[in-house]
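Chemist: Give me coordinates for this.
(chains A and B)
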Amino acid sequence: EAQVTQNPRYLITVTGKKLTVTCSQNMNHEYMSWYRQDPGLGLRQIYYSMNVEVTDKGDVPEGYKVSRKEKRNFPLILESPSPNQTSLYFCASSPSGINQETQYFGPGTRLLVL
Amino acid sequence: QKEVEQNSGPLSVPEGAIASLNCTYSDRVSQSFFWYRQYSGKSPELIMSIYSNGDKEDGRFTAQLNKASQYVSLLIRDSQPSDSATYLCAVKHYGQNFVFGPGTRLSVLP
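Modeler: Numbers count the residues shown, from 1 in each chain, chains lettered A, B, ... in the order given. Sure, this is the predicted structure:
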């Protein structure tokens, strides 16, 4: 089944404890993105990647890191999480070519930072 | 600054009516526009994209774009209770940079 997977789906952590949220897609998509969704603010793009080893900042990159060492994986790293990073996080992927703007979203990861 | 605005709703319409959802954007150079549907507790899914001024129809959905006025709208004809969801407007800026609006919650009443 073609899909984007995220792990974990739910996470409770404490301030300052490094964490990684994994994202993997099995559709051979070139492009991948991370978003956070907060009430009243909608989806905000954190980082995106247009290919292996090619990443770029979205609109809210502060406090986050990403890497794209393999085409299928795009992990999101919070080196020192803070309570204002409590949010619902979505990973998305899209193919190159004429459908490059069709994003397929993962199921989401709900993060609570205490 | 890139902004996408939507009325947060909720917008309530009776079953069978036309639901009209609106979106405005601030960046005049934007060329690609999208409507996503998000059911409660689920991830967004793309329902329409539009790139040129005018209307684009797909089944019960019609997207309308007016670049001069910087607005995009989505019409849902013959609304069904299953259309009850939050509708997100999105604008692509450059590369793979997308900006989303806050979403409009639609409730279709049986």
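Chemist: Pretty sure A:Pro75 sits against A:Met32.
Modeler: No. Assessed by CB atoms under 8 Å, A:Pro75 is found out of contact with A:Met32, at 10.2 Å. Where C-beta positions appear, they are placed from N, C-alpha and C, glycine not excepted.
Chemist: if you count what's nearby, which of the two comes out ahead?
Modeler: The residue with more neighbours, out of A:Pro75 and A:Met32, is A:Met32; 29 against 18, by other CB atoms under 10 Å in any protein chain shown.
Chemist: Quick check: the more buried one vs A:Phe90, distance?
Modeler: As judged by CB to CB, to the nearest Å, A:Met32 and A:Phe90 stand 11 Å apart.
Chemist: Sketch out the strands for chain A, chain order is fine.
Modeler: For chain A, applying DSSP state E gives strands covering A:4-7, A:10-13, A:19-25, A:31-38, A:42-51, A:54-57, A:65-66, A:76-78, A:87-94, A:104-105, A:109-113.
Chemist: can you pull the buried residues of the third one?
Modeler: Okay, so that is strand A:19-25. Across strand A:19-25, burial judged by 16 or more other CB atoms under 10 Å in any protein chain shown covers A:Leu19, A:Val21, A:Cys23, A:Ser24, A:Gln25.
Chemist: cool, the longest one as well?
Modeler: Along strand A:42-51, the positions that meet the burial threshold by neighbour count (16+ other CB under 10 Å) are A:Gly42, A:Leu43, A:Arg44, A:Gln45, A:Ile46, A:Tyr47, A:Tyr48, A:Ser49, A:Met50.
Chemist: and if you look at the second one?
Modeler: Applying a neighbour-count criterion of 16+ other CB under 10 Å, the buried positions in strand A:10-13 are A:Leu11, A:Thr13.
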